[in-house]
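Colleague: here is a sequence with its predicted model. Questions after.
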Amino acid sequence: MNSSPLLEVKNLRVEFATRRGTLLALDDINLSIAPGEILGIVGESGAGKSLTGAAIIGLIEPPGRIASGEILLEGKRIDNLPYEQMRAIRGKQIGAIFQDPLTSLNPLYTIGQQLTETIQTHLPVGAAEARQRAIKLLQDTGIPAAEQRIDQYPHQFSGGMRQRVVIALALAAEPKLIVADEPTTALDVSIQAQIISLLKRLCKEQGAAVMLVTHDMGVIAETCDRVAVLYAGRVAEIGPVADVIHNPSHPYTVGLMGSIPSMDENRERLLQIDGSMPRLNAIPKGCAYNPRCPNVMDRCRQERPELFDAGATRAACWLVSPEVQTVRVNA
Amino acid sequence: MTAPLVEVRDLAKTFDVSAPWLNRVVERKPRQFVHAVDGVSFTIERGKTLALVGESGCGKSTVARLLVGLYAPTRGDVRFDGQSTDAGQNAGDLRALRRRMQMIFQDPYASLNPRWKVLEIVGEPLREHGLATDTESLRQRVGELLLQVGLAASDVEKFPHQFSGGQRQRISIARALATQPEFLVCDEPTSALDVSVQAQVLNIMKDLQKSRGLTYLFISHNLAVVRHVADQVGVMYLGRLVEVADKAELFSAPRHPYTRMLLDAIPDIKMSGRARTPVQGEVPNPLNPPTGCAFHPRCPHANARCSSERPALSVFKGVQVACHAVQEGRI
């Protein structure tokens, strides 16, 4: 990538202070998103996917806090902004889409009121023009009879239609970045495909970059340019989607890909990763994946690997560290 | 060929969703019924797995509950090993039947009593059916069951909150296996789990099927999972079966337009660039289903006959399918 990144996350650490000590939920996350790029964040429950998204839109709630690191939007730090300034960025420059479309819409206001409020907060337009824009947005997201439906309440829409409204809301102020946290998880498969292609098309038209947080590898494969695999609050592997899926380097990515039932091949048993992800208060020493890893070495139990270049991707694993690579080449 | 273990004939369940009596009288509202399951027939051979797939609200879970007797059918009957499971029978026979069929539920956080120890959870069916009378044999039996599902015998003293989601689902499986049933009804057993954990649970279920000759009814909305576990697949739409076929047949040559649509909607993880037909529309309101074939408003092959006459499930080239267009050779 030659252009400067739209969003940069540098050494992000998020901690939760609890009575029994401080839990480290995100540990040294480094990411960047180029303008117009779709970056997927994938991982199992508790890996820190949603928290990464929440940190970027400045919605980490106490007792959670950003302990160190920087988040830069177009080169400017946004992680230390006062509440009101962050509020102006949120919605205007960063749009957000959440998992459950029913809870992200206010049930007491019509769709139109919610859309025009967002538009008028962020763009210098009058009420009539805001309404026109709102109708246009609803039409763009594929809602039939937008002129009538704009005056309806969220409960009058189905799940898929509500998610379209949420997408319209997120795009209302033409943001440069959309953080979409599991946007299709609550929807049926046939609707899921519609929403994903809609999100992809609209972001392309507006030139918005997307950070797509999901646990569904299929959605990632179809949508994203690059993907970051998270494990226990750290990036395990990051790289172009095709390389991560077809040629993963980190043993966790290999296991994760093997455990997904495939539509094309017949396997009697699925590859399984024994055990489960460690709890935040019991993250093992060294590489967090070492107790479950089939290729574990002594070093993995002692030292934590950083991200190393591994062909087209970057993986946090001693197997692909430069020293091990040299040994392999020599042998 | 031996007689099938489970035989379901013209099963139907109607729920009364009318407004309260006073509202009906004052506001002149009619009584309203939802036909959750409407004339479903299928058989399951001993030792095989039938999977039911469909989107939310299509009646898959209702079928599961009807089979194990959690709901009483409005019409039709379920025969288990040649014996009717009708509530009109004598209680002793029914009790003996219930020992032979058990159910696994979707949410392992909701289906286990949080105030019971694993010993009580898994031991309850043993005690209830008089399979273990003294504490010592109960403890031993529960320990054996836990070992079979990959937990430790010492786990009997723990409470559900001490286990992860995947481990809890194993406890559910151990509980279902306690009475040594021949038939297990699994209602979305892995939907609440992460993929790597889902692989563990699916592998255990397959191993148990092989070692104990279990018969499964497997309910899921995830076609990739269904493809992995099933021998036969039934596709449901708005309370009716639209296609029943062997797994290989269904996935290689889907007949019904709805089945084709569902298969097309799966995100393609291999990124083979397979052409996908965009899915149109949403599932209609089950309170007011379309006339004729319920799928016709979304179907690209629908004609006048489809909107007026409901197609029956009939055999076409060895596959049961309910579609006029297929029967007439239009598609």
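Modeller: Happy to help now that I have it. Keep in mind that what you see is a predicted model, and the values were worked out from it rather than measured. Numbering: from 1, shown residues only, chains lettered A, B, ... in the order given.

Colleague: do a quick rundown of the helices in the chain.
Modeller: Defaulting to chain A. Remark: helices assigned in chain A by DSSP state H are A:49-56, A:83-92, A:111-122, A:127-140, A:146-149, A:159-171, A:189-206, A:217-223, A:241-246, A:251-258, A:298-302, A:322-330.

Colleague: looking at chain B here, not the other one
Modeller: B:21-26, B:60-68, B:91-100, B:118-128, B:135-148, B:165-177, B:195-212, B:223-229, B:247-252, B:257-265, B:304-308, B:324-327.

Colleague: residues of chain B that sit close to chain A?
Modeller: B:55-56, B:164-167, B:194-200, B:202-203, B:206, B:221-225, B:227-228, B:251, B:261-262, B:264-272, B:276, B:278-279, B:282-283 (CB under 8 Å from any CB of the partner chain). Just so you know, the C-beta spots here come from the backbone N, C-alpha and C atoms, and that holds for glycine as well.

Colleague: and the pLDDT for B:Val279?
Modeller: You'll see B:Val279 listed with a pLDDT of 66.

Colleague: kindly report the same for A:Ser3.
Modeller: For A:Ser3, pLDDT reads 65.

Colleague: hmm, back to that, adding mean neighbour count, write the helices of chain B out as JSON lines.
Modeller: Output for the helices of chain B, formatted as JSON lines (neighbours: other CB atoms under 10 Å in any protein chain shown):
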{"stretch": "helix B:21-26", "mean neighbour count": "10"}
{"stretch": "helix B:60-68", "mean neighbour count": "23"}
{"stretch": "helix B:91-100", "mean neighbour count": "14"}
{"stretch": "helix B:118-128", "mean neighbour count": "20"}
{"stretch": "helix B:135-148", "mean neighbour count": "16"}
{"stretch": "helix B:165-177", "mean neighbour count": "23"}
{"stretch": "helix B:195-212", "mean neighbour count": "20"}
{"stretch": "helix B:223-229", "mean neighbour count": "22"}
{"stretch": "helix B:247-252", "mean neighbour count": "17"}
{"stretch": "helix B:257-265", "mean neighbour count": "22"}
{"stretch": "helix B:304-308", "mean neighbour count": "14"}
{"stretch": "helix B:324-327", "mean neighbour count": "19"}
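
Colleague: reformat the ones you listed as CSV; add distance to A:Leu198.
Modeller: Shown next, in CSV, are those (distance: least, CB to CB, whole Å):
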stretch, distance to A:Leu198
helix B:21-26, 39
helix B:60-68, 27
helix B:91-100, 47
helix B:118-128, 44
helix B:135-148, 46
helix B:165-177, 31
helix B:195-212, 25
helix B:223-229, 22
helix B:247-252, 27
helix B:257-265, 14
helix B:304-308, 28
helix B:324-327, 28
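
Colleague: can you name the residues that contact A:Gly48?
Modeller: For A:Gly48, the contacting residues are A:14, A:25-26, A:29, A:230, A:232-234, by CB atoms under 8 Å, 6 or more residues apart in numbering or on different chains.

Colleague: distance of the residue nearest to B:Leu70 when sequence neighbours are not counted relative to chain A?
Modeller: Distance criterion CB to CB, 6 or more residues apart in numbering or on different chains; nearest residue to B:Leu70, sequence neighbours excluded, is B:Met103 at 7.7 Å. To chain A, B:Met103 is 22 Å away according to CB to the nearest CB, to the nearest Å.

Colleague: B:Glu188 is in contact with B:Met103, correct?
Modeller: No. Counting by CB atoms under 8 Å, B:Glu188 is not a contact partner of B:Met103; they are 11.4 Å apart.

Colleague: so what sits against both of those two?
Modeller: By CB under 8 Å, 6+ apart, no residue touches both B:Met103 and B:Glu188.

Colleague: can you find the residue of the stretch 1-150 of chain B that comes nearest to chain A?
Modeller: B:Glu55 (4.0 Å; CB to the nearest CB).

Colleague: around the residue lying closest to A:Val296 once chain neighbours are set aside, count how many other residues there are.
Modeller: Nearest non-adjacent residue to A:Val296, counting by CB to CB, 6+ apart: A:Asn290, 5.0 Å away. The tally of other residues near A:Asn290 (other CB atoms under 10 Å in any protein chain shown) stands at 22.

Colleague: with adjacent residues omitted, what lies nearest to residue 4?
Modeller: Picking chain A for this. Nearest non-adjacent residue to A:Ser4 (CB to CB, 6+ apart): A:Gly75, at 6.9 Å.

Colleague: wait, chain B
Modeller: B:Thr43 (3.9 Å).

Colleague: just B:Arg330 next, same as before
Modeller: B:His301 (6.1 Å).

Colleague: can you pull the pLDDT of that neighbour?
Modeller: Reported pLDDT for B:His301: 88.

Colleague: which residues of the chain score low on pLDDT?
Modeller: If you meant another chain, say so; for now it's chain A. Within chain A, the segments meeting pLDDT under 70 span A:1-3, A:265-266, A:325-331.

Colleague: you answered for a different chain; I wanted chain B.
Modeller: In chain B, residues with pLDDT under 70: B:1, B:87-89, B:270-279.

Colleague: so the residue of the stretch 1-150 of chain B closest to chain A makes contact with A:Leu187?
Modeller: No. Using CB under 8 Å, B:Glu55 is not in contact with A:Leu187, being 9.4 Å away.

Colleague: who's more crowded, the two?
Modeller: Comparing B:Glu55 with A:Leu187 by neighbour count (other CB under 10 Å), the higher total belongs to A:Leu187, at 23 against 20.

Colleague: quick check: the more buried one vs chain B, distance?
Modeller: Distance of A:Leu187 to chain B, computed by CB to the nearest CB: 9 Å.

Colleague: list the contacts for that residue?
Modeller: Shown in contact with A:Leu187 (CB under 8 Å, 6+ apart): A:159-160, A:163, A:195.
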